[in-house]
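S.K.: Build me a structure from this.
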Amino acid sequence: MRKLPIIFVVVLVAIVCVFWWGGRKPKRPSTVSSRGIFIERGSVPFKLSTDGDWVDCWQEKSDDIYCKVVDQGGNVLFQDRFLPYAGKISSGMSVVIDESKARSFSLGLSCTHAIVPLIQLESGQVLLPAKCFEEAKSNLAKWYRPD
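M.R.: Below you'll find the predicted structure:
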């Protein structure tokens, strides 16, 4: 009878460790800069593994902003020039993704053949892929309202 509480505690600790280990952010691939963020797919309180993609954005000397979506293995799933949903790109604009507003849902774009998440910068600017900007803007306008 005395062994029952000890076994219960050991099993409980093992379960907590498994969920902690499974919920950790995966290692950053070498193809993603230190500015890149990990965006999880799905949002459940308990998981045995973390599934998602890395997103990395940067501004070129031409002031164009580029973003790429990279899987956990470092393979580039999508890369394109991105345009602001509203407003204009300013020279030297801070291209830092707001991790607290990172969204795992797809913009539902037919032109990308990849899941492109909603990318919002710390400045509040939302970025959309130039390749299918009008489709993305139309899809986003149906449900998105800037803060």
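S.K.: what's across from the most centrally placed residue in the chain in the sheet?
M.R.: For the chain, Ile39 is the residue whose C-alpha lies nearest the centre (Cα atoms, centre = their mean; 2.8 Å). When assigned by DSSP bridges, Ile39 has beta-bridge partners Asp53.
S.K.: how much space between it and Glu60?
M.R.: If you measure Ile39 against Glu60 using Cβ to Cβ, to the nearest Å, the figure is 23 Å. The C-beta positions use only the backbone N, C-alpha and C, and glycine is treated the same way.
S.K.: Would you map the helices across this structure?
M.R.: Remark: helices assigned in the chain by DSSP state H are 3-22, 133-141.
S.K.: hey, least reliable of those by pLDDT?
M.R.: Least confident of the helices of the chain, judged by mean pLDDT, is helix 3-22 with a mean of 63.
S.K.: how many other residues sit next to Glu135?
M.R.: 17 (other Cβ atoms under 10 Å).
S.K.: Test my guess that it contacts Val116.
M.R.: No: using Cβ atoms under 8 Å, Glu135 is not in contact with Val116, being 11.0 Å away.
S.K.: So which residues of the protein form strands?
M.R.: Under the criterion DSSP state E, the chain contains strands at 37-40, 52-59, 65-70, 76-84, 119-120, 126-129.
S.K.: Report the angle between the third one and strand 76-84.
M.R.: In other words, strand 65-70. Orientation check (axes from the mean of the first three to the mean of the last three Cα atoms, to 10 degrees): strand 65-70 against strand 76-84 gives 150 degrees.
S.K.: Residue ranges in this protein under the pLDDT threshold?
M.R.: By pLDDT under 70, the low-scoring segments of the chain are 1, 8-24, 42-49, 91-93, 103-110, 145-147.
S.K.: can I have stretch 54-62 written out in CSV, keeping just the CAs?
M.R.: Extracted C-alpha coordinates of stretch 54-62, given in CSV (Å, rounded to 0.1, in the frame of the first residue of the first chain):
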residue,chain,number,x,y,z
TRP,A,54,9.8,29.1,-39.1
VAL,A,55,9.2,32.6,-40.6
ASP,A,56,12.0,35.0,-41.4
CYS,A,57,11.7,38.5,-42.9
TRP,A,58,14.3,41.1,-43.9
GLN,A,59,14.6,44.3,-45.8
GLU,A,60,16.9,44.5,-48.8
LYS,A,61,19.0,47.6,-49.7
SER,A,62,16.3,48.4,-52.4
